[in-house]
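K.L.:
here is a sequence together with a model predicted from it:
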Amino acid sequence: MINSNKNTTFKDVPQIAGVMPGDNNVEFVGVRKTKQVLWIQNGSTRYFADLPIHFFSLLKKAYLADSKAVVFLSNVTTELNHQIELYTYYMYGELDCTPDIKNGKLAASENFRDQQNCPSLLWNSKNININEHILTPRQLIIIDLIGTNEPDKAIASVLGISHKTFDFHKHKLFKAVGVASKMALLKLALKHKIVA
């Protein structure tokens, strides 16, 4: 017998943007294997080619304003629409609960990395952050190396610095993101989807 007097509610469960009917926010999803982009709005998932012109124009404007992204992607393909789709993939490829377009405005870049040495890390408009601290490329490398579980001395050797210098950079990073250990840093990096 089913007890119909009890209802389960999920008030505090974050919702992926655009998944529910009536949710006009837009969420972009990158397909890692092909680097194609899908977008979700009002409970429907569509191809990037079907993106309405006003959303496409937001992405095009952001892309053309980032000279480093333009230089990189124009060497990948000569087709402007494909460049903009690739830009969207690298900037917003993670499926998450934060809308990529909300109230007609494009959000800041996500912590999405296609790979550890993701080319978008060199672009003007791409920022990877933890607790509002924008990570430098060197700090990302340190996080990636800490994730290999090698001893600090080995990590310092890979970075070409002394163990003492590595300790300085490591503790500076800990302080910037509010942690006290390598394990806490890795947990925070996972929470913020930084580990590629």
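P.N.:
Thanks, I have the structure now.
K.L.:
how near is the residue nearest to Val26 when sequence neighbours are not counted to Gln139?
P.N.:
Of all residues beyond its chain neighbours, the one nearest Val26 is Ile101 (3.9 Å), with distances taken as CB to CB, 6 or more residues apart in numbering. (C-beta placed from N, C-alpha, C; glycine too.) Taking CB to CB, to the nearest Å as the measure, Ile101 and Gln139 are separated by 29 Å.
K.L.:
these two: which is more packed in?
P.N.:
Ile101 (23 against 20; other CB atoms under 10 Å).
K.L.:
beta partners for that one?
P.N.:
Under the criterion DSSP bridges, Ile101 forms beta bridges with Val26, Leu106.
K.L.:
tell me the contacts of the residue nearest to Val26?
P.N.:
Counting by CB atoms under 8 Å, 6 or more residues apart in numbering, Ile101 touches Asn25, Val26, Phe55, Leu58, Ala107.
K.L.:
do the same with Leu95
P.N.:
Counted by CB under 8 Å, 6+ apart, Leu95 has contacts Ile16, Glu27, Val29.
K.L.:
ok, Ala65 next?
P.N.:
Remark: with contacts taken as CB under 8 Å, 6+ apart, Ala65 is in contact with Asn124, Ser125.
K.L.:
ok, back up a step: and the residue nearest to Val26, how close does it get to Asn131?
P.N.:
Relative to Asn131, and taking CB to CB, Ile101 is found at 24 Å.
K.L.:
re the thing from before, please indicate which of the contacts of Leu95 are buried?
P.N.:
A residue is treated as buried here by neighbour count (16 or more other CB atoms under 10 Å); on that basis the buried members of the contacts of Leu95 are Ile16, Glu27, Val29.
K.L.:
for those residues, which one is nearest Thr45?
P.N.:
Of all those, Thr45 sits closest to Val29, with 7.6 Å by CB to CB.
K.L.:
that closest one reaches Trp39, doesn't it?
P.N.:
Yes: under the criterion of CB atoms under 8 Å, Val29 makes contact with Trp39 at 7.2 Å.
K.L.:
what residues go with each domain of this structure?
P.N.:
If the domains of the chain are taken from automatic domain parsing, they occupy 27-110, 129-191, with pieces of a single domain joined by a plus sign.
K.L.:
can you say which of those is packed in most?
P.N.:
domain 27-110 (a mean of 17; mean count of other CB atoms under 10 Å).
K.L.:
so what touches the longest helix along the chain?
P.N.:
For the chain, the helix that runs over the most residues, judged by DSSP state H, is helix 163-177. Helix 163-177 is contacted by residues 130-131, 133, 138-139, 142-143, 146, 152-153, 155-156, 159, 161, 180-182, 184-185, 188 when judged by CB under 8 Å, 6+ apart.
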